[in-house]
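My questions concern the predicted model and sequence given below.
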Amino acid sequence: MTDTVPDTLNIIPLGGMGEIGKNMTAYEYGGKIVVVDCGLAFPRDEMLGIDLVLPDITFLREHKDDVLAFVITHGHEDHFGALPYVLREISAPVYASRLTLAFAKSKLDEHGLLRSVEAVEVTEDSVLDLDPFTVRFCAVTHSVPDALAIVIETPVGRVVHSGDYKFDHTPIDGRTTDVNKLAQLGQEGVLALLSDSTNIESEGSTGSESQVGQAFHRIFAEAEGRVLMACFSSHIHRIQQAVQIASLHGRKFAVSGRSMVKNVNIAQNGTSSLQSAINDVQSSLSAVSKSAKSEFKPQVDALRSSLDSLKTSVQNVSANGLASVEQAARSVESSATALENSAKSKQCS
Ligand SMILES: [Zn+2]
C-alpha cells in the first residue's frame, strides 16, 4: 500500500512531469482523491511494438474506492486519452468542458464504455463540491478550444492547475484566458501553481491563432491549384479558419483522415444540436402564438425576434465568438420572462 501523509495535501504526479504526454496528477487529502487529467503518450522510436504508453496508476488502484473524480483540462489525447483504460479499473465520474467531454465520450464510445461512465459537462463558472475539495475552473486559451484551468480548494489552501495554455488576446472564438480571475485568485492567495505551457523556456511569445488566418488568405488567393494543409485534428480553430477562408476564395474544402473527420463532426454537432433545439422552441412558440390570446402578441413577437437573433448568432459563432451567443441567449431569457409575467398577471386579474 502506498502511504500518503495524513492531514496534508499530497500532490502525486502519475505522469507528465518532465516528459511529453500521459499527463495525470492525483490530489489527495484526508484519504480522498481528485485526479486532474488522464492522458496517454505516443510511443517513441525505440518503443518497437508498443501502440500507446499509459500512466502508472498503481497509486489509484490501491485507493480505488477513494477516487472522487477525474477532472480533464482540455481535449488533447495526452490529457484525456487514457480514460478508456483507466476507467475500466477505477470508477469515478469525469468532469470536462463541452468540447473536451465530446472528444472524451467519442473515445469511450470506441471502447464500448460510454454507458458505464458518468460524464458531466462543466463550464468556467461551475463549482464542484467534492468533499474535502471544492473544484472551480478558469477559461484558458490553447490550441484546442474550450480549455480550462482547474482551481482546487483544499483544507490547507488553494492549488491552481493551469493545464496547457497560452495567452492569445485575439483567439478565433473570442474566449480569452480569464486573466482577471487568475489575478483575483492570486490576490486571495494560492498555495501552489502547477503550470504547463509548451516552449515556456523559449524567449518571446507565441503569435495569436488569428494571424494564421492572414497567411491562409494570402496562400489561398495566390495558389493556382490545390492547397494541402496539415494540422492536429484537435486544432478546431485552425480547421475552422481554413474552411471559412477557403469558402471566401471560392475553394472547396475536404478533410481526410479518421481523427480529422471524427473531430470535425464533433465540433459541428456542438452547434447543430443547439440549432435544432432553437428550431424546436420556435415551432412550439408558433403553436402557442396561434392559440394564445391576442393580448400577449407583443410579448410573443419579442420572444420570437430574440430567438431569431439567437439562431443567427449560433450560426455565426465561429466568427463572432460565444460572447455574442450568450448575449442573445440573455435577451431570449428576458423576453421569455416578460411573456411569463404578463401571462401570470392576466391569470391573477
Ligand atoms: Zn494540450
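That came through fine.

mind listing what the closest residue to the ion within the stretch 101-250 of the chain touches?
Of the stretch 101-250 of the chain, the residue with the smallest distance to the ion, taken as CB to the ion, is Asp164 at 3.5 Å. Any C-beta I mention is one placed from the backbone N, CA and C, and that applies to glycine too. Asp164 is in contact with 73-74, 76, 79, 142-143, 147, 196-198, counting by CB atoms under 8 Å, 6 or more residues apart in numbering.

at 7 Å what do you get?
74, 76, 142, 147, 196-198 (CB atoms under 7 Å, 6 or more residues apart in numbering).

what are the bridge partners for it, then?
Listed by DSSP bridges, the beta-bridge partners for Asp164 are Asp196.

and which of the contacts of Asp164 is nearest Val288?
Nearest to Val288 out of these is Ala147 (CB to CB; 39.7 Å).

does the residue nearest to the closest one when sequence neighbours are not counted count as helix, strand or coil?
Nearest residue to Ala147, sequence neighbours excluded (CB to CB, 6 or more residues apart in numbering): His74, at 3.7 Å. Using DSSP: H, G, I helix; E, B strand; the rest coil, the three-state assignment for His74 comes out as coil.

Would it be right to say that Ile12 lies in a helix?
No. With three-state DSSP as the criterion, Ile12 is assigned strand and is not in a helix.

what's the neighbour count on it?
Ile12 has 15 neighbouring residues, counting by other CB atoms under 10 Å.

give the contact list for it.
25-26, 28, 59.

can we see that at 10 Å?
Ile12 is in contact with 2, 4, 24-28, 33, 35, 59-60, counting by CB atoms under 10 Å, 6 or more residues apart in numbering.

quick one: which of these sit in strands?
Of those, the ones assigned to strands by DSSP state E are 24-28, 33, 35.

Could you dump those into CSV with pLDDT added?
Output for those, formatted as CSV (pLDDT from 0 to 100):
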residue, pLDDT
Met24, 97
Thr25, 97
Ala26, 97
Tyr27, 98
Glu28, 97
Ile33, 98
Val35, 98
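
Widest-spaced pair of the residues you listed?
Across these, the longest distance by CB to CB is 13.3 Å; it joins Met24 and Glu28.

immediately after the helix or strand of the chain with the lowest mean pLDDT, which helix or strand?
For the chain, using mean pLDDT, DSSP states H and E, the weakest element among its helices and strands is helix 317-320, scoring a mean of 58. Note on helix 317-320: by DSSP states H and E, the next helix or strand toward the C-terminus is helix 322-348.

Spit out the contact partners of the closest residue to the ion within the stretch 1-150 of the chain.
Residue nearest to the ion within the stretch 1-150 of the chain (CB to the ion): His76, separated by 3.6 Å. By CB under 10 Å, 6+ apart, the residues touching His76 are 21, 23, 37, 39, 100, 103, 142-144, 147, 163-164, 232, 234-235.
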